[in-house]
Each structure stands twice: as C-alpha cells, then as structure tokens.
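*Asks:* need the 3D shape of this:
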Amino acid sequence: MSATPVSQPSFDAHPQSGSPLEPAQNYASTDLVTKLYREQNKIHDLLSSLSFALRSLRNLNQFLELTPLIASRVTDADGGALVLFKADGQMQLERLHCQAGNQCQSIRSAMDLATRQVMEMVRETPVEPRLLTSQLLSTLDQQVHAILGSDVHLFGTPILVRNTERGRLYIFSYSDDFAWTDARQKLVRLVSDQTSVAIENDELNAELRKKERLDRELEIGAEIQSQLLPRHCPTIEGATLAARCKNANRVGGDYYDFVPADYDQLQYRPCNRPEQGRWSITIGDVMGKGVPAGLIMTMLRGMLRAEILNQHTPARILQHLNHVMYGDLDNSNRFVTLFYSEYDPKTRLLSFSNAAHNPPLLWRAESQTLEKLDSDGMLIGLEMNTQYEDGQVQLFPGDTVVYYTDGFTEAANPEGTRFEEENLLSAIERACRQGYAPQRILDYLFEQIQQFIGVARHNEDDMTLVVLQVNADTEAKSSINP
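*Replies:* This next block holds a predicted model:
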C-alpha cells in the first residue's frame, strides 16, 4: 500500500526580507535557548549550594533539611522525602519537603504507614533485625508506591554509606505530564550521593571527637599513673637502687614501689640522709595492659601500702592483699603477679614472698653466680584461700638483685623469636661481672632488649626493672664489655 503524500505548503527557496515567518522562528529558538540556559543555571546554582553546605558541614540536621528540597527543585518535582535507617534497626521519615502544603500530610501518612509495615516484617523475620535486607528495602518501595497510588510519579534511590544502605531518598510529582527521565534520575542520585557523604563525614567527625576525648583521658590516666610510681629511688643506708617502667601503651599494668616499712620512717624521714630502717621493694604485673590494667594497678598500690604499714610478714601481707582484692579481680577476670620484699640495711637481710611473679635474680659478687629468689604462692585474685610462703636471703657487699616483669622475657624480634629468660640471665651476668652500678645495669638491659626487638620497633608489653645493689668497697666500673 503506497503512502499518500501529504501536501506541503509552498515556500520560496529564498524568502524575501521582511517575511513574517523568519522573526517568529528566531524568537521561538531564542526563547527556548534562554529557557534552557536559565534551567541549567538554576540546577547549577542549587547543586552548588548543596556542595557548599557539604564543604562547610557543621550540623548534619541542617544539611538533611536541604536534601529533599534540592532534589525536588532540580527535577521540577513537587516534593521529596528522606527516610533513614537507624543504628538500632529502626527506620523513620527524617525529612519531608512539599511545594504545596496540602500534599505534605498525605505524603507523611504514606511514608509513616510504609515504614511501620516494613518494621513489622523486620520484627517477624528470623534474620538479625539490625540487618535490613534488599528484599525488605524493595518491600518499602512497593509499600510507598501502593499507598501513594499511580497518580503520584515517584522515584526512590538509596543513601549508601560505606557500601551499606542507610536510607532512601524519594522524590514525587503530582503533575500528569511529569516523567522520570534519565537526566532527572541522575540529578536525584547526585543529591543522594552528596547526602551519603554528609552522613559519613558527620560520623567520622563524631568518631574523631570521641577519639580525641579518649586520647585526652589516656593522657590524664598516664600522667596520674606516672605520678603514682616513685619519682625517684630512696637512698638506703649501704645500698643503691635504680628502677624504670616502660609501658607498651600510655597506661600500663606494670607496677613497682618503694615504701618505708613503719610509720616512723614515713613521718620523720630526715632530708638528704640515707634511710636506716626497713624498706619494702615491690614489683608486680596485672594480666593485660591498657586502661583496665592501669586501674587495677592503681587499686593494688593503695591496698598494698595500707597492708605494709601493718608490719606483717611478707607472706601475711600477700595473703591479706589477696583476700581484699579477690572479689574485684574475680569480677574483672584479671589476676596479678606480685613479688614483695623487705630489705633491712642493718642486717642486709632481704625477706620476701612471691605471688607467682617472675623470681628476681640474685647476683652473688663473691661466687660470680646467679640465683633465683622464689617462694610458693598463687596469683593474687585466683583463689580466696591461697597460702603464701616466706623466704629470706642474706646479702653481702657487691650482691645485686634484679627484679623484672615478663615484658622482658616475652619480648619478640621481627622473626617472632622471644628474648626468653636465658638471654636475660646472660645479659645480667655480663653486666654484673663488670661490677656495674644499678643505673648502668638497668640502662644496659634496656639497650639489650631494644637491640633484640629492633631499634625502630616498640615494645608490645609493659617492661619494668628494679635493681638493688649492696654497696661494695670498690667503685663500680664505667663500661661493659659484652
């Protein structure tokens, strides 16, 4: 069947100047270009405003007010709704914008009803309620469409934060000739993406503020803990002390202390004179590290100091300490190793009791040998009725006692090999054979452990050393030949 030609109006191939058709065509083209230009400028200005709000984000709620407004304006729609999913698994209508006020109530009712229906499904589903599956999110879209009806042209797009859907942005129009073109859908997605960035930035800022508060609290905790540890070693008649604690974190669980063993020493100590009374020398380690271990260490310090002044034997002091701390340690599932000793400078007797701590090492200057100082006893907080055993050793001029925590023996190099007790024994023996003073012995042992784990590496566990040396008649040498 042949097509019937349509009669065409006859036009002059070369229209005369002043023809009424040419100005009309030019006017229509110019008007269309002007309208398109204005529309592009409007879209550009709106998106630029949203971008500026994102760059200067201070309040997420103020930004979310813009989301449905901007999305509806750039698409010439009648309004928009933002639904967000909360951390507790709930979803709610967060923001709503309508060009006409009479539309808001129906849109709000539809959104509220749809979210309630989906949350009912979440409560009934066997999966984890916090996890909104894609099926449930698809159901939300279906419910919104069904409630609003076919007269409303609706488009929804997800709000994605760190690859997790955190909400939906819905844009709607009541206009009969409105169509969701690809260009309009892209504009809505662009607004949605900027909203996602705003939510993520707000959460990152909140995490940063939380971290800053925690860092400040840790700084305060570390400062308090450093003040609780002895600021300097006491000057004891006929003996020299050196000590250092190096925490893996800012707050640690290692503990050492020097406490005069009676009230008279505590109240009437003469300035710049060697102490002639008994002194307690203690080292301990709370299982674990960081703030929890540091809090237990602080509690341990106060309780131990109160027990020391009761002038009981070392074993009785540990027994009382275990009774007092058992309940708190049992609740926290943490335990404490502790070596408690008392040195009497008049008799050079070192009395001690051990609660499962690493036994201190005694270097005998005369025989050039190492001994371990140990006695029976369980960890503090493990069993209520644990019995502890007293021990005693006679010290002589030149003898050196090295107290340490397991951060030394368990320190590992990059290959995963631990320092172990054998290497510590060898290092102590090398230092003591040279007749080193306590401070140089302490420095040398820390140097050895740092070389072992690597100069640039940080210790993974708290490390503490206390060195007690009975003064010899001869001066200590000033260097070590490894």
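
*Asks:* so what's I43 closest to, chain neighbours aside?
*Replies:* Distance criterion C-beta to C-beta, 6 or more residues apart in numbering; nearest residue to I43, sequence neighbours excluded, is V74 at 4.8 Å. For every residue, glycine as well, the C-beta is placed using N, CA and C.

*Asks:* give me the low-pLDDT residue ranges for the stretch 101-250 of the chain?
*Replies:* The stretch 101-250 of the chain contains residues with pLDDT under 70 at 101-102, 122, 124-136, 218, 221-222, 224-226, 250.

*Asks:* hey, where'd the strands end up in it?
*Replies:* 153-161, 164-173, 239-246 (DSSP state E, counting those that start in this stretch).

*Asks:* which of the ones you listed sits closest to M111?
*Replies:* M111 lies closest to strand 164-173 among the strands of the stretch 101-250 of the chain, at 7.6 Å (C-beta to C-beta).

*Asks:* helices and strands around the closest one, which ones?
*Replies:* For strand 164-173, the packing partners by 3 or more C-beta pairs under 8 Å, 6 or more residues apart in numbering; DSSP states H and E come out as helix 60-74, strand 79-85, helix 134-148, strand 153-161, helix 182-228.

*Asks:* and that strand, what's buried?
*Replies:* Neighbour counts over strand 164-173 (16 or more other C-beta atoms under 10 Å) mark 166-173 as buried.

*Asks:* all helices of the chain, in order?
*Replies:* 21-55, 60-74, 101-124, 134-148, 182-228, 263-267, 291-308, 314-332, 406-409, 420-433, 438-453 (DSSP state H).

*Asks:* how about these, which one is nearest N247?
*Replies:* The nearest among these, by C-beta to C-beta, is helix 182-228 at 7.6 Å.

*Asks:* now do the closest one against strand 164-173, angle only.
*Replies:* 140 degrees (axes from the mean of the first three to the mean of the last three C-alpha atoms, to 10 degrees).

*Asks:* still on that earlier bit, the buried residues of strand 164-173 into TSV, with extra columns for distance to K42?
*Replies:* Output for the buried residues of strand 164-173, formatted as TSV (distance: C-beta to C-beta, whole Å):
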residue	distance to K42
R166	29
G167	26
R168	25
L169	20
Y170	22
I171	16
F172	20
S173	17
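
*Asks:* and which of the residues you listed is nearest D141?
*Replies:* Nearest to D141, judged by C-beta to C-beta, of the buried residues of strand 164-173 is R168 at 7.5 Å.

*Asks:* quick one: the closest residue to L148 other than its chain neighbours from F155, how far?
*Replies:* Closest residue to L148 in three dimensions, ignoring its sequence neighbours and counting by C-beta to C-beta, 6+ apart: A110, at 5.1 Å. A110 sits 15 Å away from F155, going by C-beta to C-beta, to the nearest Å.

*Asks:* among those two, which residue is more densely surrounded?
*Replies:* For the pair A110 and F155, the greater number of neighbours falls to A110 (23 against 19), based on other C-beta atoms under 10 Å.
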